[in-house]
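>>> Fold the following, please.
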Amino acid sequence: MSPQAPSPRRAAREAPAGPEPQPGDGSGRVRLRFLPEGGDFRVPSGTPVFDAASWNGIAIDSTCGGYGTCKKCKVRIVSGDVPVGAIDPRAFSAAELADGWRLACRAAARSDLVVEVPPLETRPKAALVGVGRHVILRPAVQKRHLVLEEPSMEDQRSDLQRVLDGIEDLEPAPSVELLRSLGGVLRSSGFDVTAVVVDEELLDLEPGDTTARRYAIAFDLGTTTVVATLLDLDSGQPLAVRSMLNRQQPYGADVITRISAVMMDDGALAALRARAHETVSTLTAEVCEEAGVAPGEVYEITVCGNVTMMQLALGIDPEPLSMAPFVVSTHTFGDVRAIEFGVEVHPRAPAFVFPSLGAYVGGDIVAGMLATGLTRDRRLRLFIDVGTNSEIALGSSDAVLATAAPAGPAFEAAQIKCGMRAADGAIEGLKIDGDTLALEVIGDLEPVGMCGSGLVDAVAELVHCGLLDHSGRFLAEEDAARSHPGLADRFTTIGKERVFVLHWRGGDPAESVFLSQRDVRELQFAKASISTGWQILLSELGVTADEITQVLLAGSFGAFLTPLSAVRIGLVPKLALPRIVSAGNVAGEGAKIAALSARERAEAHAILQEVRYVELSGRADFNDLFIDQLAFPG
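So this is what the prediction gives:
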């Protein structure tokens with residue numbers, strides 16, 4: 001009998017993770033002080049600075065989760081000695097290395113160190129609203145003002161029965177927690193109270209008439225950005241909306257990297273859950289403070305997000321999502337309280353969690369379908385949520401198909417040489433007119449990098465003007481000099497790689513903001529995966545691209561993506577531009593709709609029965625179609 005194979009989790013932990021700093025023996029401890037936050041911690045000798053910071057809540061920018069591939073975890077050693085590692089020269093100039101700059105994930109702390117951590121952009125530019133629709137205001141949260149007769153020898157009904165008799169149109173049931181305070185509230189208020197009912201639960205009893213104050217928070221729990229919207233359930237109006245970077249970022253920019261972190265480290269699941277809770281807790285406090293609403297007046301939350309984010313936030317092991325047959329823990333959630341997501345509002349407030357269609361078509365996409373009415377519309381529409389894992393849906397009220405395309409991190413500008421999040425200083429748009437190149441920069445500052453929309457614009461414009469051929473290769477220097485003499489000098493080399501400089505910073509190309517040949521390839525792979533996905537859905541549905549009446553580009557990236565650029569690189573079908581709509585944060589709109597209308601929640605669950613999921617992995621035709629889609633359209 002052959003020995004039993006190790007479990008995937010154990011194998012992942014035991015597998016080498018590439019060249020790492022040589023660890024210390026762990027017998028001694030060193031002191032690390034982080035600036036400017038001032039944290040002072042003792043860790044085992046040999047601990048990477050990145051790990052030490054993560055353990056102690058110090059956020060260092062990273063998109064690969066500390067594996068040394070993104071080269072974004074840049075820190076400066078102010079005091080102490082950290083030798084230059086093998087990867088550091090690829091991320092820093094000689095002057096920066098001499099000034100103490102190192103990659104935190106490769107900087108082993110073998111002596112006491114003072115480390116300067118550049119501030120992490122926690123509020124990247126994000127879509128806060130999106131395409132939605134009007135719904136009839138019928139929230140699950142209801143209030144009834146009751147002025148009750150006090151008990152007497154002739155009327156010895158129980159306190160609970162007295163309240164239930166006063167609520168004529170509802171039949172709620174109380175929790176034991178409510179019963180503990182029921183009698184005291186009735187008597188202290190002189191039996192003048194307001195009953196708070198959510199769905200079929202008698203959630204609370206409040207003194208006096210509070211019927212005009214009832215609130216809910218809708219959350220879009222994204223991999224990169226989390227958005228919270230505080231809603232007045234009496235009027236249906238949003239009172240405050242805030243967004244911030246998901247604090248799970250140090251564990252990686254995408255769901256696969258975060259799942260890998262859980263597989264490699266027994267403590268990562270708890271840490272990732274805690275960071276998700278910190279994020280939503282911060283946003284909850286901010287929207288309540290802005291609107292002047294007490295957290296206890298928020299009686300419900302609605303939450304949408306991809307399957308991995310939901311499971312991490314609830315502390316459910318996501319490992320089965322990472323390998324065939326890609327099994328989720330559950331597609332629908334039963335009774336969940338807001339506190340399970342770390343949301344400190346009314347202590348018994350329930351959470352409505354959007355159901356998922358598959359391991360990689362989650363509740364955020366179901367929420368987007370709900371908001372856009374994709375399953376109700378007679379028109380044939382294509383829905384694309386562009387991101388690291390791009391979800392695609394195609395159909396009408398007759399039939400809808402959905403799939404997920406692993407696009408990689410290019411659209412988030414991860415793994416892009418000069419890539420950055422959509423923050424101040426990021427190139428977000430680019431136009432070429434003849435030999436003139438014009439940049440759109442967030443904050444109207446000097447460019448320091450480019451975000452995903454800037455990357456797409458740059459490639460689309462270079463393809464359109466002929467400086468990139470349809471295979472994705474830069475035009476030869478002599479040909480560029482003839483066709484675009486005013487732009488040809490932007491071509492240069494860094495090391496052995498050709499680049500096109502978007503913005504010069506001094507005379508050194510390596511210090512400038514540039515587009516590299518490898519960046520173009522990363523974008524080609526990403527857009528080919530997505531276009532292969534919708535091509536397969538077209539085939540499965542038996543329709544052609546010219547039958548599509550509307551393309552909806554969803555998500556924060558889709559909101560800022562130029563439709564013309566999306567067509568030029570082949571990300572979407574070649575249609576008239578008015579038919580391509582930047583739909584924005586439709587997932588967040590779906591979450592708001594669920595908070596405003598209990599009836600719409602039934603529609604969200606009905607989507608699971610109405611939409612057929614198409615799995616791309618393992619399809620015999622995927623690779624051939626993918627190769628065909630790599631080229632930019634002619």
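
>>> Correct me if wrong: residue 302 contacts residue 219.
Yes. The criterion here is CB atoms under 8 Å, and residue 302 meets it with residue 219 at 7.0 Å. Every residue, glycine included, has its C-beta placed from N, CA and C.

>>> any common contacting residues for those two?
By CB atoms under 8 Å, 6 or more residues apart in numbering, residue 302 and residue 219 have these common neighbours: residue 591.

>>> what about residue 227, distance to residue 178?
Using CB to CB, to the nearest Å, residue 227 is found at 31 Å from residue 178.

>>> One more: residue 545?
With distances taken as CB to CB, residue 545 is found 56 Å from residue 178.

>>> more neighbours, these two?
residue 178 (20 against 15; other CB atoms under 10 Å).

>>> Residue 36: how many residues sit nearby?
Using other CB under 10 Å, residue 36 has 9 neighbouring residues.

>>> OK, contacts around it?
By CB under 8 Å, 6+ apart, residue 36 lies in contact with 116, 117, 119.

>>> For the last one, which non-adjacent residue is closest in space?
Translated: residue 119. Once flanking residues are discounted, residue 119 sits nearest to residue 36: 7.8 Å by CB to CB, 6 or more residues apart in numbering.

>>> For the stretch 201-350 of the chain, which segments count as strands?
Under the criterion DSSP state E, counting those that start in this stretch, strands of the stretch 201-350 of the chain are mapped to 201-207, 215-221, 225-232, 238-245, 298-305.

>>> which parts of stretch 226-246 are buried?
226-233, 236, 238-246 (16 or more other CB atoms under 10 Å).

>>> What's the separation between residue 282 and residue 354?
22 Å.

>>> what pLDDT does residue 634 get?
Looking at residue 634, its pLDDT is 66.

>>> mind saving the C-alpha coords of stretch 412-431 as CSV?
Output of stretch 412-431 as CSV, limited to C-alpha atoms (Å, rounded to 0.1, in the frame of the first residue of the first chain):
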residue,chain,number,x,y,z
GLU,A,412,-5.9,46.5,-10.8
ALA,A,413,-2.5,47.7,-12.1
ALA,A,414,-0.8,45.0,-10.0
GLN,A,415,2.3,43.3,-11.7
ILE,A,416,2.5,46.4,-13.9
LYS,A,417,5.9,48.1,-13.6
CYS,A,418,4.6,51.6,-12.9
GLY,A,419,1.2,50.4,-11.7
MET,A,420,-0.6,51.8,-8.7
ARG,A,421,-4.1,52.1,-7.2
ALA,A,422,-6.4,54.8,-8.4
ALA,A,423,-5.1,57.4,-6.0
ASP,A,424,-3.6,60.9,-6.3
GLY,A,425,-0.8,61.0,-8.9
ALA,A,426,-2.1,58.0,-10.9
ILE,A,427,-2.5,58.4,-14.7
GLU,A,428,-6.2,57.4,-15.2
GLY,A,429,-6.5,58.5,-18.8
LEU,A,430,-4.4,59.1,-21.9
LYS,A,431,-5.0,60.6,-25.4
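
>>> what about that stretch, distance to the chain center?
Mean-position distance between stretch 412-431 and its chain equals 17 Å (CA atoms, centre = their mean, to the nearest Å).

>>> List the buried residues of that stretch.
412-423, 425-430.

>>> Please name the nearest non-neighbouring residue to residue 207.
Computed as CB to CB, 6+ apart, the closest residue to residue 207 that is not its neighbour in sequence is residue 189, at 3.7 Å.

>>> wait, isn't that neighbour in contact with residue 195?
No. Judged on CB under 8 Å, residue 189 makes no contact with residue 195 at a distance of 11.9 Å.

>>> Comparing those two, which shows the higher neighbour count?
Taking other CB under 10 Å, residue 189 and residue 195 do not tie; residue 195 has more neighbours (23 against 17).

>>> how would you label the more buried one: helix, strand or coil?
Secondary structure assignment for residue 195 (DSSP: H, G, I helix; E, B strand; the rest coil): strand.

>>> With residue 446 instead?
Three-state assignment for residue 446 (three-state DSSP): coil.

>>> Give me the distance between residue 217 and residue 258.
Distance, residue 217 to residue 258, using CB to CB: 24 Å.

>>> Excluding chain neighbours, what is closest to residue 118?
Spatial nearest neighbour of residue 118, chain neighbours left out: residue 74 (6.5 Å); criterion: CB to CB, 6+ apart.

>>> do residue 581 as well
Once flanking residues are discounted, residue 581 sits nearest to residue 552: 5.5 Å by CB to CB, 6+ apart.

>>> Correct me if wrong: residue 203 contacts residue 348.
Yes. At 5.5 Å, residue 203 and residue 348 qualify as touching, with contact defined as CB under 8 Å.

>>> any residues in contact with both of these two?
Residues touching both residue 203 and residue 348 by CB under 8 Å, 6+ apart: 175, 178.

>>> Quick one, which of the contacts of residue 36 are buried?
Neighbour counting over these (16+ other CB under 10 Å) leaves 116, 117 as the buried ones.

>>> Take the contacts of residue 36 and lay them out in TSV including pLDDT and distance to residue 512.
Putting these into TSV (pLDDT from 0 to 100; distance: CB to CB, whole Å) gives the following:
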residue	pLDDT	distance to residue 512
116	89	24
117	86	25
119	74	23
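
>>> Mind checking which of the contacts of residue 36 land in strands?
In strands, defined here by DSSP state E, the members of the contacts of residue 36 are residue 116.

>>> and the contacts of residue 36 as CSV, adding distance to residue 29?
CSV is the format used below for the contacts of residue 36 (distance: CB to CB, whole Å):
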residue, distance to residue 29
116, 22
117, 20
119, 28
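
>>> Name the member of the contacts of residue 36 with the shortest distance to residue 508.
residue 116 (23.2 Å; CB to CB).

>>> what residues are up against the closest one?
Neighbouring residues of residue 116 by CB under 8 Å, 6+ apart: 34, 35, 36, 75, 76, 77, 78.

>>> How about the fourth one: which residues does it bridge to?
Note on residue 75: beta-bridge partners by DSSP bridges are residue 102.

>>> what number of residues lie near it?
Count around residue 75 with other CB under 10 Å applied: 26.

>>> Residue 298 versus that one, what's the distance?
According to CB to CB, residue 75 and residue 298 sit 38 Å apart.

>>> The strands of the stretch 201-350 of the chain into TSV, with extra columns for distance to residue 327?
Shown next, in TSV, are the strands of the stretch 201-350 of the chain (distance: least, CB to CB, whole Å):
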stretch	distance to residue 327
strand 201-207	31
strand 215-221	21
strand 225-232	26
strand 238-245	30
strand 298-305	18
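
>>> what about those, which gets the closest to residue 402?
When the strands of the stretch 201-350 of the chain are compared by CB to CB, strand 298-305 sits nearest residue 402, at 15.0 Å.

>>> by contact count, what packs against that closest one?
For strand 298-305, the packing partners by 3 or more CB pairs under 8 Å, 6 or more residues apart in numbering; DSSP states H and E come out as strand 192-198, strand 215-221, helix 307-313, strand 351-353, helix 363-372, helix 586-596.

>>> what pairs with that strand, and is each one parallel or antiparallel?
Its sheet considered, strand 298-305 pairs with strand 215-221 (parallel), strand 351-353 (parallel) by DSSP bridges.

>>> got a markdown table for these, with mean neighbour count and mean pLDDT too?
Formatted as a markdown table, the strands paired with strand 298-305 follow (neighbours: other CB atoms under 10 Å; pLDDT from 0 to 100):
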| stretch | mean neighbour count | mean pLDDT |
| --- | --- | --- |
| strand 215-221 | 29 | 96 |
| strand 351-353 | 23 | 97 |
